[in-house]
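**Q** Pasting a predicted model and its sequence here:
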Amino acid sequence: MSQYFDIHPLDPQSRLIKQAAQIVGKGGLIALPTDSSYALACRLDDKAAVERLRRLRGIDDKHHLTLMCRDLSELGNFARVDNRQYRWIKGATPGPYVFILEATKEVPRRLSHPARKTIGVRVPDHAIPQALLNELGQPMISSTLQLPGDAAPLDEPLEIRERLQKQLDLVICGGTAPAHACTVIDLTSGEPVLVRAGRGDVARFGL
């Protein structure tokens, strides 16, 4: 049975953030709001939690998971970013974008794409994930909370708790989130390539 924390979306209560970080740190799989839809998230180095996330989403190891980072400096520890890529990313973060980049050796091999050795990275523009990332002191693995057979991501925390209370360790209620996934941009080829149109505007990338 999942726990349910009602956390203020602009001024997160530190006591609840600390409790949420403890749940993640002990191998918990959680749902939390972001600047796009609600997302599933777990600890970066927890193999069992990542496998639970993949099963819940109905995805295999060829589907990019996302490293949710606090800022650009942390992102640079896990993805190789040249000067041109950095300018593109800097202009769009924090925000509702996932960037596909070449993974560094800091990324566990099971988390990067098995053939391409790439990883999705993002910096969310939302106080709750930012507070949780700061408390954890490391990125989280995340994925849009869109269940197999659903046409759109889940955006209502009460519905998330009702549908997934036996499969999640924690649902963080931060109000209704936009029912739109992140925009996904692949930057590995030298020019931005649109992988998925979502909440983030693609015009800044000339797409």
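**A** Structure received. Since the model is a prediction, treat every value here as computed from it, not as a measurement. Numbering: from 1, shown residues only.

**Q** can you tell me which residue is nearest the centre of the chain?
**A** Centroid-nearest residue in the chain, with Cα atoms, centre = their mean: residue 142, separated by 3.4 Å.

**Q** quick one: the helices in this structure?
**A** Using DSSP state H, the helices of the chain run over 14-25, 47-57, 72-78, 83-90, 127-136, 157-164.

**Q** who does the worst-scoring helix or strand of the chain on mean pLDDT touch, helix- and strand-wise?
**A** The weakest-scoring helix or strand in the chain, judged by mean pLDDT, DSSP states H and E, is helix 72-78 (a mean of 86). Counting contacts by 3 or more Cβ pairs under 8 Å, 6 or more residues apart in numbering; DSSP states H and E, helix 72-78 packs against helix 83-90, strand 118-122. C-beta coordinates here come from the backbone N, C-alpha and C atoms, glycine included.

**Q** try 7 Å this time
**A** Using 3 or more Cβ pairs under 7 Å, 6 or more residues apart in numbering; DSSP states H and E, the elements in contact with helix 72-78 are strand 118-122.

**Q** In its sheet, which strands sit next to the strand it packs on, and in what direction?
**A** Within its sheet, and counting by DSSP bridges, strand 118-122 is paired with strand 66-68 (parallel), strand 97-103 (antiparallel).

**Q** what's the closest of these to residue 175?
**A** With Cβ to Cβ as the measure, strand 66-68 is the member of the strands paired with strand 118-122 nearest residue 175 (18.8 Å).

**Q** For residue 9, give its distance to residue 48.
**A** 30 Å (Cβ to Cβ, to the nearest Å).

**Q** Looking at the two, which is more packed in?
**A** Neighbours per residue (other Cβ atoms under 10 Å) separate residue 9 from residue 48, with residue 9 holding more: 15 against 11.

**Q** Local confidence estimate at residue 134?
**A** With respect to pLDDT, residue 134 scores 96.

**Q** ok, it - how many residues close by?
**A** By other Cβ under 10 Å, 12 other residues sit near residue 134.

**Q** Just to check, it is in contact with residue 70?
**A** Yes: in this structure, residue 134 is within contact of residue 70 by Cβ atoms under 7 Å, at 6.2 Å.

**Q** quick one on the thing from earlier: render the CA-only coordinates of the least confident helix or strand of the chain in PDB, please.
**A** The C-alpha trace of helix 72-78 is given here as PDB (Å, rounded to 0.1, in the frame of the first residue of the first chain):
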ATOM      1  CA  LEU A  72      23.400  21.600 -15.800                       C
ATOM      2  CA  SER A  73      26.600  20.900 -13.800                       C
ATOM      3  CA  GLU A  74      25.200  17.600 -12.500                       C
ATOM      4  CA  LEU A  75      23.900  16.700 -15.900                       C
ATOM      5  CA  GLY A  76      27.400  17.000 -17.300                       C
ATOM      6  CA  ASN A  77      28.600  14.200 -14.900                       C
ATOM      7  CA  PHE A  78      26.400  11.700 -16.700                       C
END
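
**Q** which parts of it are buried?
**A** Going by neighbour count (16 or more other Cβ atoms under 10 Å), the buried part of helix 72-78 is 74-76, 78.

**Q** Low-confidence stretches in this protein?
**A** In the predicted model, the chain carries pLDDT under 70 at residues 108-116.

**Q** could you redo the last one with a cut-off of 80?
**A** 1, 61-64, 106-116, 177-179, 190 (pLDDT under 80).
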